[in-house]
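Asks: I would like the atomic coordinates for the input below:
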Amino acid sequence: MQLRHLKTFVAVASDLNITRAAERIHLAQSSVSEQIQALEADLNAALFDRTRRKLKLTEAGQRLLDHAHELLARADEARAAVAAAANTIAGTLAIGGLETLCAGYLPPLLAYFGTEHPEVGLQLRSAGSGDLRGAVRSGALDVCFVFGEPPDTPELKHEVVAEEELVVALPAGHRLAGQVAAGPNDLRNEPFLVTEQGCVYRQMFEAAFADNGARPRIAVELGSIAAIQKLVAEGAGCALIPRIAAEAGNTRMVALPWTGANSPVPVSMIWHNRRGKRPAVRLFLDAARQKFKSGGAHPLRAAPSR
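Replies: Residues are numbered from 1 along each chain as shown. Just a heads-up that it's a prediction; the model follows:
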């Protein structure tokens, strides 16, 4: 198997759409199709079911995908080992984060690292917490950033690099908009906008009101923080979100410091124990620690010493 064909296969398997995959990996659609066909010929197996309007992985394709990320990760490790022996650093790092962190938190860090190490290519992807950890475990991502501290596992390492305060987001004309802060008792029976069950932002909300009888009323469940911001600005309700998400809002939304439980929220950096030994990954981890410690990546409070 040629590695470039395997990379193209992973891109198509991730999107299940040749057009989107071609755009993401900067190839013509015809080149993507040719590489997939070459890989199928090499393996003597169909990797995608093309009988329907939407692509679907065959059982053989799923079996290959189960191994593909690891194969590509091991190839990257081999390149890194050769580069380290030759005293050079190159390659590409795939960095992931929650939507909110990718929008306002990680770009300054990536810009700083790119300036210091232009020989290393960078990719930034957003996803949910579970998908991000899974991508680091499989090798699809080198490093990811999430809210909260993930459970300890033998293969994944994590480090709290910063802490983010929770705020209550209110419509600009809300009765509490003139206060300096807000707590559970201020929000009794207020309509709240929350993300879906299982989302890290929903977990923040549940934990914040877990020990208080003044639990607000859940008005709407939404799929993203961006949708919550818009509905808060339209006056549809309140929300409990990280300050960075409120800062990305608009002038029709007011953010009050949260005085209840579960604030501040840790921001964790996660990487794979084995791949963390790659020179480029080590450099990125060190750059993240330096920027967050100095407060230079984003105006957040640095994490306390542990």
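Asks: number of nearby residues for residue 47?
Replies: By the criterion of other C-beta atoms under 10 Å, residue 47 has 23 neighbours. Glycine gets a C-beta too; all of them are placed from N, C-alpha and C.
Asks: close enough to count as contact, it and residue 38?
Replies: No: when contacts are counted by C-beta atoms under 8 Å, residue 47 is not listed as touching residue 38 (11.1 Å).
Asks: what's the residue nearest in space to the middle of the chain sitting at in phi/psi?
Replies: Closest to where the C-alpha atoms of the chain average out (C-alpha atoms, centre = their mean) is residue 97, at 2.0 Å. With angles defined as degrees, to the nearest 10, residue 97 sits at phi -170, psi 160.
Asks: For it, give the beta-bridge partners.
Replies: Beta-bridge partners recorded for residue 97 (DSSP bridges): residue 126, residue 145.
Asks: Need the overlap of contacts for residue 47 and residue 38.
Replies: Residues touching both residue 47 and residue 38 by C-beta atoms under 8 Å, 6 or more residues apart in numbering: none at all.
Asks: Find me the pLDDT at the residue nearest to the centre of the chain, would you?
Replies: Residue 97 is assigned 92 on the pLDDT scale.
Asks: How about the contacts made by it?
Replies: 105-106, 124-126, 132, 144-146.
Asks: And these, which of them are buried?
Replies: 105-106, 125-126, 132, 144-146 (16 or more other C-beta atoms under 10 Å).
Asks: Can you get me a residue count around the closest residue to residue 222 other than its chain neighbours?
Replies: Nearest residue to residue 222, sequence neighbours excluded (C-beta to C-beta, 6 or more residues apart in numbering): residue 228, at 5.4 Å. Neighbours of residue 228 under the rule other C-beta under 10 Å: 28.
Asks: For residue 228, give its distance to residue 155.
Replies: 33 Å (C-beta to C-beta, to the nearest Å).
Asks: Could you do residue 149 as well?
Replies: Per C-beta to C-beta, residue 149 is found 16 Å from residue 155.
Asks: Those two: which is more packed in?
Replies: Counted by other C-beta under 10 Å, residue 149 and residue 155 do not tie: residue 149 has more neighbours, with 14 against 10.
Asks: so that one sits in a strand?
Replies: No: Residue 149: not assigned to a strand; according to DSSP: H, G, I helix; E, B strand; the rest coil it is coil.
Asks: contacting residues around it?
Replies: 158, 160, 266, 268 are the contacts of residue 149 under C-beta under 8 Å, 6+ apart.
Asks: So which of those sit within strands?
Replies: Using DSSP state E, the subset of the contacts of residue 149 located in strands is 158, 160, 266, 268.
Asks: Now do the contacts for the third one.
Replies: This points to residue 266. By C-beta under 8 Å, 6+ apart, the neighbours of residue 266 are 147-149, 160, 162-164, 303.
Asks: quick one: which of the residues you listed is nearest residue 113?
Replies: residue 162 (16.2 Å; C-beta to C-beta).
Asks: low-scoring stretches of the protein, by residue?
Replies: 80, 83-90, 211-214, 248-250, 294-306 (pLDDT under 70).
Asks: ok, back up a step: of all pairs in the ones in strands among the contacts of residue 149, which one is the farthest apart?
Replies: 158 and 266 (9.7 Å).
Asks: okay, now the nearest residue to residue 170 once chain neighbours are set aside: neighbour count?
Replies: Closest residue in space to residue 170, ignoring its immediate chain neighbours: residue 254 at 4.8 Å, by C-beta to C-beta, 6+ apart. Neighbourhood size, residue 254 [other C-beta under 10 Å]: 23.
Asks: repeat for residue 122
Replies: 17.
Asks: and it, what helix or strand is that in?
Replies: Assigned by DSSP states H and E, residue 122 falls within strand 120-126.
Asks: Dump the C-alpha coordinates for that strand into PDB.
Replies: Backbone C-alpha positions of strand 120-126 (Å, rounded to 0.1, in the frame of the first residue of the first chain) are rendered in PDB as follows:
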ATOM      1  CA  VAL A 120       6.400  22.000  10.600                       C
ATOM      2  CA  GLY A 121       3.000  22.100   8.900                       C
ATOM      3  CA  LEU A 122      -0.100  22.500  11.100                       C
ATOM      4  CA  GLN A 123      -3.600  21.400  10.800                       C
ATOM      5  CA  LEU A 124      -6.500  22.500  13.100                       C
ATOM      6  CA  ARG A 125      -9.700  20.500  13.500                       C
ATOM      7  CA  SER A 126     -12.700  20.900  15.700                       C
END
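Asks: That one packs against which elements?
Replies: Secondary-structure packing of strand 120-126 (3 or more C-beta pairs under 8 Å, 6 or more residues apart in numbering; DSSP states H and E): strand 91-97, helix 99-104, helix 107-116, helix 279-294.
Asks: you'd agree residue 218 is up against residue 192?
Replies: Yes: the criterion here is C-beta under 8 Å, and residue 218 meets it with residue 192 at 5.5 Å.
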